[in-house]
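Student: predicted coordinates and the sequence they were generated for:
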Amino acid sequence: MNSRTLKRISNVRLKARSELKLDEWQQHNYYYDKNLIGCTKDQLERIDARNTTREEFIEKYERPGKPVIIQHLIDDWPAFDKWTIEKLGKKYRNQRFKVGEDDDGKSVKLKMKYFLDYALNNRDDSPLYLFESSFGEHQKKKRLLDDYDVPEYFSEDLFHLVGEHRRPPYRWWCIGPQRSGTGIHIDPLGTSAWNGLISGHKRWCIFPPSTPRELLKPTSADAPRNKDEGITWFKVIYPRTQHHSWPKEYSCIEAIQHPGEVIFVPGGYWHVVLNMDLTVAVTQNFCSSVNFPNVWTRVIRSRPKMSKKFLERLKRRRPDLARLTEKIDINGDTGPRSDTSSSSSSSSSADSSPDSADESDTESKVTTIHERPFDQGDESFVKKQRVTPLS
Ligand SMILES: O=C(O)CCC(=O)C(=O)O
Ligand SMILES: [Fe+2]
């Protein structure tokens, strides 16, 4: 790493993970542990978008809530040509992207030129992860939007109805150095997600919504100061999932996502991700008419102000769904809520939501939701980055 990069990185490391001293970023020597990223276990079903219609996808995967990898869905994205490390380094050289959050929930940002130098040359156990959700509102960074399209399988986007400034964060652009990742979490507000990988490889473990959090979450005793890191999960929890005593009904669904593949993660599923090499990806969370009942109960609970606006707009544009809300028992158990306690991904941004005053303390992830995982509060939209949210 260039000395100027090193200086910037030291500052950022201290802000983004104040619990670690500078000499603790490499204490576990995971850089030398090639087992973690050498895994090839991959059991997730694949479908080919060239012979699967949108209706078939919805009936066979979205409605039953089945994770799947879709091939050839994004073959025509300009991103495959535009998002090489070399071209990104030129086009966005001096733009600052979010790589974490400080203790006050404020975004920690770094210029692209420094981040790429770091991404290619660091030996950190769990490296910083560029996870940016607000690129669409930025004059220069919004050019990223020209390079991809929401695939037609996921084109229904009901949160769009509440307005761009009011909706929770919903899209993240991500560059993940080898060994970076997102800790175990459930995406916020009952939303489902798709993740399109442009380059590199991502190792995923996915668990059914009914899996007890106590089984899946590393504790501080398991991993002092590192419990929310994706790589920690693979070190500490993954081996337990392979033991014969691990309950069959909570079996781990493992996958290696390759460039060009899109993974579909239905709402409510636990998931954890490790970048096996340098990855470039884009991910979006969505509310569709299929997951609407689950999302609605969560929106009511954790975004009351937004829920009013949402209902008002649904009455005009989707009267069928507005009527459905009268039948949904918002106190009923509609499955697991978003994860509430971790963080560890690296993607999100700390966009704070205009409705954040509505959120309970535990849901403060909204400010962090997708910034990296969503862990934090129950329904916040934290999606990535230290756990960031989506909303
Ligand atoms: O790191 C990743 O690619 C996964 C991110 C993720 O699961 C999320 O943003 O909710
Ligand atoms: Fe997620």
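Tutor: Structure received. Ligands and ions are numbered 1, 2, ... in the order given.
Student: what does stretch 214-226 contact?
Tutor: Stretch 214-226 is contacted from outside by 19-20, 24, 28, 125-126, 183-184, 207, 227-229, 232-233, 235-237, 240, 247, 250, 270, 341-342, using C-beta atoms under 8 Å, 6 or more residues apart in numbering. All C-beta atoms are positioned from the backbone trio N, CA, C, and that covers glycine.
Student: same question, stretch 48-65
Tutor: Contacts of stretch 48-65 (C-beta under 8 Å, 6+ apart): 47, 66-68, 70-73, 151-153, 155, 192, 209, 264, 266-269, 288, 290-291.
Student: which residues of the protein score low on pLDDT?
Tutor: Within the chain, the stretches with pLDDT under 70 are 332-391.
Student: if you set the cut-off to 90 instead, what comes out?
Tutor: Low-confidence segments of the chain (pLDDT under 90): 34-40, 329-391.
Student: now do the strands in it.
Tutor: Taking DSSP state E as the test, the strands found in the chain are 46-48, 68-71, 96-101, 107-111, 130-132, 171-176, 181-185, 192-199, 202-207, 253-257, 262-265, 270-275, 279-286.
Student: what distance separates the first one from the centre of its chain?
Tutor: In other words, strand 46-48. 22 Å (C-alpha atoms, centre = their mean, to the nearest Å).
Student: in its sheet, what does that strand sit against?
Tutor: strand 68-71 (parallel) (DSSP bridges).
Student: residues making contact with the strand it pairs with?
Tutor: Applying C-beta under 8 Å, 6+ apart, the external contacts of strand 68-71 come out as 44-49, 52, 57, 61, 151, 153, 255, 257, 260-264.
Student: from the contacts of stretch 214-226, which would you call buried?
Tutor: Neighbour counting by 16 or more other C-beta atoms under 10 Å classes 20, 24, 28, 125-126, 183-184, 207, 227-229, 232-233, 235-237, 270, 341-342 among those as buried.
Student: just the ones of these in helices?
Tutor: Among the buried ones among the contacts of stretch 214-226, the members found in helices (DSSP state H) are 232-233, 235-236.
Student: and ligand 1, which of these contact it?
Tutor: With the criterion set as C-beta under 6 Å from any ligand atom, no member of those is near ligand 1.
Student: max pairwise distance over those: which two?
Tutor: Using C-beta to C-beta, the two most remote members of those are Trp233 and Lys235, lying 7.3 Å apart.
Student: beta partners of whichever residue of the stretch 201-350 of the chain sits closest to ligand 1?
Tutor: With C-beta to the nearest ligand atom, the shortest gap between the stretch 201-350 of the chain and ligand 1 falls at Val273, namely 3.9 Å. Taking DSSP bridges as the rule, Val273 bridges to Thr182, Trp204.
Student: re earlier: any of the contacts of strand 68-71 buried? List them.
Tutor: For the contacts of strand 68-71, a neighbour count by 16+ other C-beta under 10 Å gives the buried set as 44, 47, 49, 52, 57, 61, 151, 153, 255, 257, 260-264.
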